[in-house]
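Trainee: Turn this into a structure:
(4 chains)
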Protein chains: 2
Amino acid sequence: MNLTLRLVDAAERLFDRHGYMATGMDQLTRAAGMSSRTLYKHAGSKAQLMAAVLAERDRRFLRQIEVSSVEALFAALAGWIRDEGARGCLFLRSRAETGGDIPEIADAVAAHKTALRQRVAGIVAADLGAAPDPLLVDQVLVLVEGATHAAVTLGPEAVEAARSAAAVLVAQARA
Amino acid sequence: MNLTLRLVDAAERLFDRHGYMATGMDQLTRAAGMSSRTLYKHAGSKAQLMAAVLAERDRRFLRQIEVSSVEALFAALAGWIRDEGARGCLFLRSRAETGGDIPEIADAVAAHKTALRQRVAGIVAADLGAAPDPLLVDQVLVLVEGATHAAVTLGPEAVEAARSAAAVLVAQARA
DNA sequence: GCATATGTAAAACGCTCGTTTTACATTGCA
DNA sequence: TGCAATGTAAAACGAGCGTTTTACATATGC
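Mentor: This is a model prediction of the structure:
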(Lines give C-alpha, C1' and ligand atoms only; values in the text may rest on other atoms or scores of the structure.)
Protein backbone atom coordinates (compact mmCIF):
# COMPACT_ATOMS: atom_id res chain seq x y z
CA MET A 1 0.00 0.00 0.00
CA ASN A 2 1.13 3.54 -0.74
CA LEU A 3 2.83 4.85 2.37
CA THR A 4 2.43 8.51 1.48
CA LEU A 5 -1.29 8.10 0.96
CA ARG A 6 -1.67 6.33 4.28
CA LEU A 7 0.31 9.08 5.98
CA VAL A 8 -1.63 11.97 4.46
CA ASP A 9 -4.96 10.32 5.25
CA ALA A 10 -4.01 9.72 8.88
CA ALA A 11 -2.62 13.23 9.18
CA GLU A 12 -5.76 14.82 7.75
CA ARG A 13 -7.86 12.97 10.27
CA LEU A 14 -5.73 13.97 13.26
CA PHE A 15 -5.10 17.56 12.21
CA ASP A 16 -8.80 18.05 11.51
CA ARG A 17 -10.05 16.54 14.76
CA HIS A 18 -7.44 17.81 17.21
CA GLY A 19 -5.72 20.72 15.49
CA TYR A 20 -2.33 21.15 13.84
CA MET A 21 -0.38 22.28 16.89
CA ALA A 22 -2.00 19.79 19.26
CA THR A 23 -1.08 16.82 17.07
CA GLY A 24 2.39 15.42 17.81
CA MET A 25 4.62 13.58 15.39
CA ASP A 26 4.47 10.43 17.51
CA GLN A 27 0.68 10.36 17.19
CA LEU A 28 1.18 10.73 13.44
CA THR A 29 3.65 7.85 13.22
CA ARG A 30 1.39 5.63 15.31
CA ALA A 31 -1.73 6.47 13.29
CA ALA A 32 0.06 6.02 9.96
CA GLY A 33 1.80 2.85 11.14
CA MET A 34 5.33 3.85 10.17
CA SER A 35 8.58 4.89 11.80
CA SER A 36 9.44 8.55 12.20
CA ARG A 37 12.40 8.03 9.85
CA THR A 38 10.03 6.94 7.05
CA LEU A 39 7.58 9.70 7.88
CA TYR A 40 10.26 12.35 7.49
CA LYS A 41 11.56 10.78 4.29
CA HIS A 42 8.07 11.09 2.78
CA ALA A 43 6.79 14.28 4.36
CA GLY A 44 9.90 16.38 4.91
CA SER A 45 8.54 18.24 7.90
CA LYS A 46 5.36 18.74 9.88
CA ALA A 47 4.55 21.92 7.94
CA GLN A 48 5.09 20.20 4.59
CA LEU A 49 2.88 17.35 5.78
CA MET A 50 0.12 19.82 6.59
CA ALA A 51 0.57 21.40 3.16
CA ALA A 52 0.18 17.95 1.56
CA VAL A 53 -2.94 17.37 3.64
CA LEU A 54 -4.40 20.68 2.48
CA ALA A 55 -3.55 20.00 -1.18
CA GLU A 56 -5.29 16.64 -0.97
CA ARG A 57 -8.29 18.11 0.82
CA ASP A 58 -8.52 20.87 -1.80
CA ARG A 59 -8.72 18.26 -4.57
CA ARG A 60 -11.30 16.24 -2.67
CA PHE A 61 -13.51 19.20 -1.78
CA LEU A 62 -13.46 20.68 -5.27
CA ARG A 63 -14.45 17.28 -6.66
CA GLN A 64 -17.35 17.19 -4.19
CA ILE A 65 -18.70 20.53 -5.44
CA GLU A 66 -18.32 19.69 -9.14
CA VAL A 67 -21.86 20.91 -9.88
CA SER A 68 -23.58 23.41 -12.14
CA SER A 69 -26.25 25.00 -10.01
CA VAL A 70 -26.26 26.91 -6.73
CA GLU A 71 -28.91 24.55 -5.42
CA ALA A 72 -26.62 21.58 -6.08
CA LEU A 73 -23.70 23.43 -4.51
CA PHE A 74 -25.42 23.58 -1.15
CA ALA A 75 -26.67 20.01 -1.48
CA ALA A 76 -23.05 18.96 -2.02
CA LEU A 77 -21.97 21.03 0.97
CA ALA A 78 -24.65 19.37 3.09
CA GLY A 79 -23.30 15.99 2.00
CA TRP A 80 -19.75 16.96 2.85
CA ILE A 81 -20.76 18.08 6.35
CA ARG A 82 -22.85 14.96 6.89
CA ASP A 83 -19.86 12.78 5.98
CA GLU A 84 -17.03 14.81 7.48
CA GLY A 85 -18.67 16.58 10.40
CA ALA A 86 -18.81 20.31 11.10
CA ARG A 87 -15.58 21.63 12.56
CA GLY A 88 -15.17 24.75 10.43
CA CYS A 89 -12.86 25.22 7.48
CA LEU A 90 -9.58 23.31 7.94
CA PHE A 91 -7.78 25.78 5.68
CA LEU A 92 -8.71 28.86 7.67
CA ARG A 93 -8.13 27.01 10.91
CA SER A 94 -4.62 25.86 10.06
CA ARG A 95 -3.72 29.29 8.79
CA ALA A 96 -4.99 30.91 11.98
CA GLU A 97 -3.28 28.34 14.21
CA THR A 98 0.06 29.24 12.70
CA GLY A 99 -0.55 32.99 12.51
CA GLY A 100 -0.07 32.85 8.74
CA ASP A 101 3.66 32.61 9.45
CA ILE A 102 4.38 29.25 7.80
CA PRO A 103 4.68 29.75 4.03
CA GLU A 104 3.85 26.16 3.04
CA ILE A 105 0.56 26.41 4.91
CA ALA A 106 -0.33 30.01 4.09
CA ASP A 107 0.28 29.34 0.38
CA ALA A 108 -1.87 26.20 0.35
CA VAL A 109 -4.71 28.11 2.01
CA ALA A 110 -4.46 31.02 -0.41
CA ALA A 111 -4.47 28.64 -3.38
CA HIS A 112 -7.55 26.82 -2.09
CA LYS A 113 -9.52 30.00 -1.44
CA THR A 114 -8.68 31.34 -4.89
CA ALA A 115 -9.76 28.06 -6.49
CA LEU A 116 -12.95 28.00 -4.40
CA ARG A 117 -13.90 31.48 -5.48
CA GLN A 118 -13.36 30.61 -9.12
CA ARG A 119 -15.39 27.43 -8.73
CA VAL A 120 -18.29 29.34 -7.15
CA ALA A 121 -18.14 31.90 -9.95
CA GLY A 122 -18.36 29.05 -12.48
CA ILE A 123 -21.33 27.51 -10.70
CA VAL A 124 -23.22 30.78 -10.54
CA ALA A 125 -22.47 31.41 -14.22
CA ALA A 126 -23.69 27.95 -15.21
CA ASP A 127 -26.84 28.39 -13.12
CA LEU A 128 -27.70 31.77 -14.60
CA GLY A 129 -26.49 30.90 -18.09
CA ALA A 130 -24.66 34.21 -18.17
CA ALA A 131 -21.61 36.01 -16.83
CA PRO A 132 -22.23 36.42 -13.11
CA ASP A 133 -22.49 39.69 -11.21
CA PRO A 134 -19.35 39.70 -8.97
CA LEU A 135 -21.49 40.79 -6.02
CA LEU A 136 -23.68 37.70 -6.39
CA VAL A 137 -20.57 35.51 -6.48
CA ASP A 138 -19.35 37.12 -3.26
CA GLN A 139 -22.74 36.60 -1.68
CA VAL A 140 -22.81 32.89 -2.52
CA LEU A 141 -19.22 32.56 -1.31
CA VAL A 142 -20.17 34.24 1.97
CA LEU A 143 -23.10 31.84 2.31
CA VAL A 144 -20.80 28.85 1.74
CA GLU A 145 -18.35 30.06 4.40
CA GLY A 146 -21.24 30.96 6.66
CA ALA A 147 -22.87 27.55 6.34
CA THR A 148 -19.54 25.85 6.99
CA HIS A 149 -18.94 27.77 10.21
CA ALA A 150 -22.49 28.22 11.48
CA ALA A 151 -22.95 24.45 11.14
CA VAL A 152 -20.47 23.99 13.99
CA THR A 153 -23.13 25.27 16.38
CA LEU A 154 -26.36 25.09 14.37
CA GLY A 155 -25.84 21.77 12.62
CA PRO A 156 -27.26 20.98 9.16
CA GLU A 157 -29.88 23.72 9.52
CA ALA A 158 -27.11 26.20 8.80
CA VAL A 159 -26.68 24.72 5.33
CA GLU A 160 -30.42 24.75 4.76
CA ALA A 161 -30.57 28.42 5.75
CA ALA A 162 -27.71 29.22 3.38
CA ARG A 163 -29.31 27.20 0.57
CA SER A 164 -32.64 29.01 0.86
CA ALA A 165 -30.98 32.41 1.12
CA ALA A 166 -28.92 31.72 -2.00
CA ALA A 167 -32.04 30.60 -3.83
CA VAL A 168 -33.67 33.96 -3.18
CA LEU A 169 -30.61 35.84 -4.40
CA VAL A 170 -30.27 33.75 -7.55
CA ALA A 171 -33.98 34.04 -8.33
CA GLN A 172 -33.74 37.78 -7.98
CA ALA A 173 -30.69 37.90 -10.25
CA ARG A 174 -32.57 35.90 -12.86
CA ALA A 175 -35.49 38.31 -12.86
CA MET B 1 -3.41 49.56 37.14
CA ASN B 2 -5.55 46.42 37.21
CA LEU B 3 -3.26 43.47 36.66
CA THR B 4 -5.99 41.10 35.57
CA LEU B 5 -7.18 43.52 32.92
CA ARG B 6 -3.65 43.98 31.61
CA LEU B 7 -3.21 40.22 31.50
CA VAL B 8 -6.46 39.47 29.71
CA ASP B 9 -5.85 42.22 27.16
CA ALA B 10 -2.35 40.99 26.39
CA ALA B 11 -3.57 37.39 26.22
CA GLU B 12 -6.40 38.26 23.83
CA ARG B 13 -3.95 39.96 21.52
CA LEU B 14 -1.48 37.05 21.48
CA PHE B 15 -4.05 34.26 21.32
CA ASP B 16 -5.86 36.04 18.50
CA ARG B 17 -2.78 36.77 16.42
CA HIS B 18 -0.75 33.61 16.93
CA GLY B 19 -3.20 31.00 18.20
CA TYR B 20 -3.85 29.46 21.60
CA MET B 21 -1.45 26.53 21.33
CA ALA B 22 1.34 28.52 19.70
CA THR B 23 1.37 31.13 22.48
CA GLY B 24 3.62 30.17 25.40
CA MET B 25 3.22 31.27 28.99
CA ASP B 26 6.55 33.09 28.89
CA GLN B 27 5.32 35.23 25.99
CA LEU B 28 2.21 35.96 28.06
CA THR B 29 4.20 37.02 31.14
CA ARG B 30 6.45 39.21 29.02
CA ALA B 31 3.54 40.86 27.18
CA ALA B 32 1.55 41.41 30.38
CA GLY B 33 4.63 42.61 32.27
CA MET B 34 4.27 40.34 35.26
CA SER B 35 5.90 37.28 36.81
CA SER B 36 4.54 33.81 36.11
CA ARG B 37 3.68 33.52 39.81
CA THR B 38 1.38 36.53 39.57
CA LEU B 39 -0.04 35.35 36.28
CA TYR B 40 -1.05 32.01 37.78
CA LYS B 41 -2.48 33.66 40.88
CA HIS B 42 -4.80 35.72 38.68
CA ALA B 43 -5.53 33.34 35.82
CA GLY B 44 -5.35 29.89 37.39
CA SER B 45 -4.24 28.12 34.24
CA LYS B 46 -3.74 28.69 30.55
CA ALA B 47 -7.19 27.27 29.76
CA GLN B 48 -8.85 29.47 32.38
CA LEU B 49 -7.00 32.45 30.96
CA MET B 50 -8.37 31.66 27.52
CA ALA B 51 -11.86 31.34 29.03
CA ALA B 52 -11.45 34.79 30.62
CA VAL B 53 -10.30 36.17 27.26
CA LEU B 54 -13.37 34.72 25.55
CA ALA B 55 -15.73 36.04 28.24
CA GLU B 56 -14.28 39.51 27.84
CA ARG B 57 -14.44 39.31 24.05
CA ASP B 58 -18.04 38.13 24.24
CA ARG B 59 -18.95 41.23 26.29
CA ARG B 60 -17.08 43.53 23.93
CA PHE B 61 -18.50 42.04 20.74
CA LEU B 62 -22.08 42.00 22.00
CA ARG B 63 -21.70 45.66 23.00
CA GLN B 64 -20.43 46.42 19.48
CA ILE B 65 -23.55 44.92 17.90
CA GLU B 66 -26.00 46.60 20.28
CA VAL B 67 -28.20 47.74 17.39
CA SER B 68 -31.80 47.40 16.27
CA SER B 69 -31.63 46.84 12.53
CA VAL B 70 -29.99 44.27 10.31
CA GLU B 71 -28.42 47.07 8.31
CA ALA B 72 -26.77 48.43 11.47
CA LEU B 73 -25.67 44.93 12.45
CA PHE B 74 -23.51 44.58 9.37
CA ALA B 75 -22.26 48.15 9.70
CA ALA B 76 -21.16 47.28 13.24
CA LEU B 77 -19.53 44.09 11.98
CA ALA B 78 -17.67 46.09 9.33
CA GLY B 79 -16.43 48.41 12.07
CA TRP B 80 -15.27 45.50 14.21
CA ILE B 81 -13.32 43.99 11.33
CA ARG B 82 -11.82 47.36 10.40
CA ASP B 83 -10.59 47.81 13.99
CA GLU B 84 -9.67 44.23 14.87
CA GLY B 85 -8.69 42.74 11.54
CA ALA B 86 -10.11 39.64 9.86
CA ARG B 87 -8.72 36.43 11.33
CA GLY B 88 -11.96 34.47 11.65
CA CYS B 89 -13.98 33.87 14.80
CA LEU B 90 -11.71 33.51 17.85
CA PHE B 91 -14.35 31.39 19.59
CA LEU B 92 -14.60 28.78 16.85
CA ARG B 93 -10.84 28.87 16.36
CA SER B 94 -9.98 28.23 19.99
CA ARG B 95 -12.56 25.48 20.21
CA ALA B 96 -11.18 23.80 17.09
CA GLU B 97 -7.57 24.19 18.25
CA THR B 98 -8.35 22.25 21.39
CA GLY B 99 -10.62 19.68 19.74
CA GLY B 100 -13.48 20.79 22.00
CA ASP B 101 -11.78 18.80 24.76
CA ILE B 102 -11.15 21.63 27.25
CA PRO B 103 -14.39 22.34 29.16
CA GLU B 104 -13.54 25.93 30.15
CA ILE B 105 -13.04 26.82 26.50
CA ALA B 106 -15.83 24.71 24.99
CA ASP B 107 -18.29 26.17 27.50
CA ALA B 108 -17.27 29.76 26.81
CA VAL B 109 -17.69 29.18 23.08
CA ALA B 110 -21.11 27.58 23.50
CA ALA B 111 -22.26 30.44 25.73
CA HIS B 112 -21.11 33.03 23.21
CA LYS B 113 -22.77 31.34 20.25
CA THR B 114 -26.04 31.01 22.15
CA ALA B 115 -25.91 34.68 23.14
CA LEU B 116 -25.07 35.69 19.58
CA ARG B 117 -28.01 33.81 18.17
CA GLN B 118 -30.34 35.42 20.68
CA ARG B 119 -28.93 38.84 19.90
CA VAL B 120 -29.43 38.34 16.15
CA ALA B 121 -32.98 37.17 16.80
CA GLY B 122 -33.62 40.37 18.79
CA ILE B 123 -32.16 42.55 16.03
CA VAL B 124 -34.27 40.91 13.33
CA ALA B 125 -37.35 41.24 15.54
CA ALA B 126 -36.67 44.92 16.16
CA ASP B 127 -36.07 45.52 12.47
CA LEU B 128 -39.28 43.81 11.36
CA GLY B 129 -41.33 45.03 14.32
CA ALA B 130 -42.63 41.50 14.74
CA ALA B 131 -41.65 38.06 15.96
CA PRO B 132 -39.01 36.81 13.51
CA ASP B 133 -39.24 33.74 11.31
CA PRO B 134 -36.59 31.34 12.74
CA LEU B 135 -35.34 30.64 9.22
CA LEU B 136 -34.64 34.33 8.66
CA VAL B 137 -32.71 34.44 11.95
CA ASP B 138 -30.62 31.47 10.84
CA GLN B 139 -30.00 33.13 7.50
CA VAL B 140 -28.76 36.35 9.07
CA LEU B 141 -26.63 34.34 11.50
CA VAL B 142 -25.11 32.43 8.58
CA LEU B 143 -24.39 35.72 6.84
CA VAL B 144 -22.66 37.07 9.97
CA GLU B 145 -20.47 33.96 10.27
CA GLY B 146 -19.91 34.01 6.53
CA ALA B 147 -18.84 37.65 6.49
CA THR B 148 -16.50 37.03 9.44
CA HIS B 149 -14.74 34.14 7.72
CA ALA B 150 -14.92 35.21 4.08
CA ALA B 151 -13.35 38.53 5.13
CA VAL B 152 -10.12 36.65 5.91
CA THR B 153 -9.59 36.24 2.17
CA LEU B 154 -12.00 38.73 0.58
CA GLY B 155 -11.53 41.65 2.96
CA PRO B 156 -14.31 44.17 3.75
CA GLU B 157 -16.17 43.27 0.55
CA ALA B 158 -17.29 40.10 2.31
CA VAL B 159 -19.21 42.19 4.83
CA GLU B 160 -20.70 44.32 2.09
CA ALA B 161 -21.86 41.18 0.27
CA ALA B 162 -23.41 39.84 3.46
CA ARG B 163 -25.05 43.19 4.19
CA SER B 164 -26.66 43.42 0.76
CA ALA B 165 -27.78 39.79 0.86
CA ALA B 166 -29.39 40.29 4.26
CA ALA B 167 -31.13 43.42 3.00
CA VAL B 168 -32.79 41.41 0.25
CA LEU B 169 -33.95 38.74 2.69
CA VAL B 170 -35.31 41.25 5.19
CA ALA B 171 -37.09 43.22 2.48
CA GLN B 172 -38.69 40.02 1.26
CA ALA B 173 -39.77 39.11 4.80
CA ARG B 174 -41.35 42.53 5.22
CA ALA B 175 -43.40 42.17 2.04
C1' DG C 1 6.03 48.19 64.10
C1' DC C 2 4.82 43.98 62.79
C1' DA C 3 1.83 40.73 60.30
C1' DT C 4 -0.46 40.10 55.95
C1' DA C 5 -0.96 40.60 51.28
C1' DT C 6 0.93 41.24 46.85
C1' DG C 7 4.34 41.58 43.91
C1' DT C 8 9.16 40.19 41.29
C1' DA C 9 13.01 37.21 39.71
C1' DA C 10 14.60 32.96 38.67
C1' DA C 11 15.30 28.22 39.14
C1' DA C 12 13.36 23.79 38.93
C1' DC C 13 9.70 20.33 37.86
C1' DG C 14 8.75 16.41 34.70
C1' DC C 15 7.25 16.07 30.23
C1' DT C 16 6.65 16.64 25.28
C1' DC C 17 8.06 18.79 21.13
C1' DG C 18 9.98 18.30 16.06
C1' DT C 19 13.81 16.31 14.13
C1' DT C 20 18.06 13.48 13.44
C1' DT C 21 20.81 9.56 14.14
C1' DT C 22 22.40 4.88 15.00
C1' DA C 23 21.86 0.12 14.20
C1' DC C 24 19.66 -3.43 11.90
C1' DA C 25 16.18 -6.17 8.73
C1' DT C 26 14.13 -6.97 4.36
C1' DT C 27 13.59 -6.76 -0.47
C1' DG C 28 14.57 -6.51 -5.53
C1' DC C 29 17.49 -6.13 -9.13
C1' DA C 30 22.18 -6.50 -11.73
C1' DT D 1 26.30 -13.07 -4.86
C1' DG D 2 26.13 -8.67 -3.54
C1' DC D 3 24.77 -3.89 -3.62
C1' DA D 4 21.36 -0.33 -3.31
C1' DA D 5 16.94 0.99 -1.77
C1' DT D 6 13.51 1.05 1.64
C1' DG D 7 11.78 -0.01 5.70
C1' DT D 8 11.60 -0.59 11.31
C1' DA D 9 12.87 0.27 16.20
C1' DA D 10 14.62 3.10 19.43
C1' DA D 11 17.64 6.34 21.40
C1' DA D 12 19.24 10.94 21.45
C1' DC D 13 19.07 15.90 20.40
C1' DG D 14 18.36 20.55 22.36
C1' DA D 15 14.63 23.31 23.13
C1' DG D 16 10.31 24.65 24.98
C1' DC D 17 6.07 23.37 27.30
C1' DG D 18 2.69 24.56 31.50
C1' DT D 19 3.20 24.85 36.19
C1' DT D 20 5.20 25.11 40.95
C1' DT D 21 8.55 26.53 44.14
C1' DT D 22 12.13 29.07 46.54
C1' DA D 23 13.83 33.35 48.05
C1' DC D 24 13.20 38.03 48.50
C1' DA D 25 11.13 43.02 48.11
C1' DT D 26 7.57 46.28 49.01
C1' DA D 27 3.48 48.26 50.52
C1' DT D 28 -0.94 48.51 53.51
C1' DG D 29 -3.69 48.48 57.65
C1' DC D 30 -4.41 47.16 62.58
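
Trainee: Please identify which helix or strand holds the closest residue to chain B within chain A.
Mentor: Going by CB to the nearest CB, chain B is nearest to A:Gly146 of chain A, at 2.5 Å. From N, CA and C alone the C-beta is placed, and that goes for glycine too. A:Gly146 belongs to helix A:134-154 when elements are defined using DSSP states H and E.

Trainee: Quick check: next helix or strand after that helix?
Mentor: Next along from helix A:134-154, by DSSP H and E: helix A:157-174.

Trainee: Can you name every helix or strand that that next one contacts?
Mentor: On a contact count with 3 or more CB pairs under 8 Å, 6 or more residues apart in numbering or on different chains; DSSP states H and E, helix A:157-174 meets helix A:70-84, helix A:103-128, helix A:134-154, helix B:134-154, helix B:157-174.

Trainee: Any chance of TSV for the ones you listed, columns distance to DNA strand C and mean pLDDT?
Mentor: As requested, the helices and strands packed on helix A:157-174 are exported to TSV (distance: least, CB to the nearest atom of the strand, whole Å; pLDDT from 0 to 100):
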stretch	distance to DNA strand C	mean pLDDT
helix A:70-84	23	98
helix A:103-128	10	98
helix A:134-154	24	98
helix B:134-154	24	98
helix B:157-174	32	98
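
Trainee: Out of the ones you listed, flag the one nearest A:Ala51.
Mentor: Closest approach to A:Ala51 among those is made by helix A:103-128 (4.0 Å; CB to CB).

Trainee: Buried residues, the closest one. List them.
Mentor: Buried positions in helix A:103-128, judged by neighbour count with 16 or more other CB atoms under 10 Å in any protein chain shown: A:104-106, A:108-109, A:112-113, A:116-117, A:119-121, A:123-124, A:127-128.

Trainee: Go through the residues you listed and say which is closest to DNA strand D.
Mentor: Closest to DNA strand D out of these is A:Ile105 (18.5 Å), distances taken as CB to the nearest atom of the strand.

Trainee: And the closest one, how far from A:Leu77?
Mentor: For A:Ile105, the distance to A:Leu77 equals 23 Å [CB to CB, to the nearest Å].

Trainee: One more: A:Leu14?
Mentor: According to CB to CB, A:Leu14 stands 24 Å off from A:Leu77.

Trainee: Tell me which of those two has more neighbours.
Mentor: Just comparing A:Leu14 and A:Leu77: by other CB atoms under 10 Å in any protein chain shown the higher neighbour count belongs to A:Leu77, 24 against 21.

Trainee: so who does A:Asn126 touch?
Mentor: Quick fix: residue A:126 reads Ala, not Asn. Contact analysis of A:Ala126 by CB atoms under 8 Å, 6 or more residues apart in numbering or on different chains lists A:Ser68, A:Ser69.

Trainee: What about A:Pro156, how many residues nearby?
Mentor: A:Pro156: 14 neighbours (other CB under 10 Å).

Trainee: where does the residue of chain A found nearest DNA strand C fall, phi/psi-wise?
Mentor: Residue nearest to DNA strand C within chain A: A:Gly24 (2.6 Å; CB to the nearest atom of the strand). Backbone geometry at A:Gly24, expressed as degrees, to the nearest 10, gives phi -90, psi 160.

Trainee: I'd like to know how many residues surround it.
Mentor: 12.

Trainee: quick one: it from DNA strand D, how far?
Mentor: Shown here: A:Gly24 relative to DNA strand D, a distance of 11 Å by CB to the nearest atom of the strand, to the nearest Å.

Trainee: Report the contact partners of that residue.
Mentor: By CB under 8 Å, 6+ apart, the contact list for A:Gly24 is empty.

Trainee: Report pLDDT for it.
Mentor: As predicted, A:Gly24 sits at a pLDDT of 97.

Trainee: Run a quick neighbour tally on the residue in chain A positioned nearest to DNA strand D.
Mentor: Nearest to DNA strand D in chain A, going by CB to the nearest atom of the strand, is A:Thr38, at a distance of 3.0 Å. Applying other CB under 10 Å, we find 15 residues neighbouring A:Thr38.

Trainee: what residues are up against the nearest residue to it once chain neighbours are set aside?
Mentor: The spatially closest residue to A:Thr38, leaving aside those adjacent along the chain, is A:Leu3, at 6.6 Å (CB to CB, 6 or more residues apart in numbering or on different chains). A:Leu3 makes contacts with A:Ala32, A:Met34, A:Thr38, A:His42, as judged by CB under 8 Å, 6+ apart.

Trainee: cool, and A:Lys46?
Mentor: Contact analysis of A:Lys46 by CB under 8 Å, 6+ apart lists A:Met25.

Trainee: A:Thr153 now?
Mentor: Counting by CB under 8 Å, 6+ apart, A:Thr153 has contacts B:Ala110, B:Lys113, B:Arg117.

Trainee: could these be laid out in JSON lines, adding distance to B:Cys89?
Mentor: Listed next are the contacts of A:Thr153 as JSON lines, based on distance: CB to CB, whole Å:
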{"residue": "B:Ala110", "distance to B:Cys89": "13"}
{"residue": "B:Lys113", "distance to B:Cys89": "9"}
{"residue": "B:Arg117", "distance to B:Cys89": "13"}
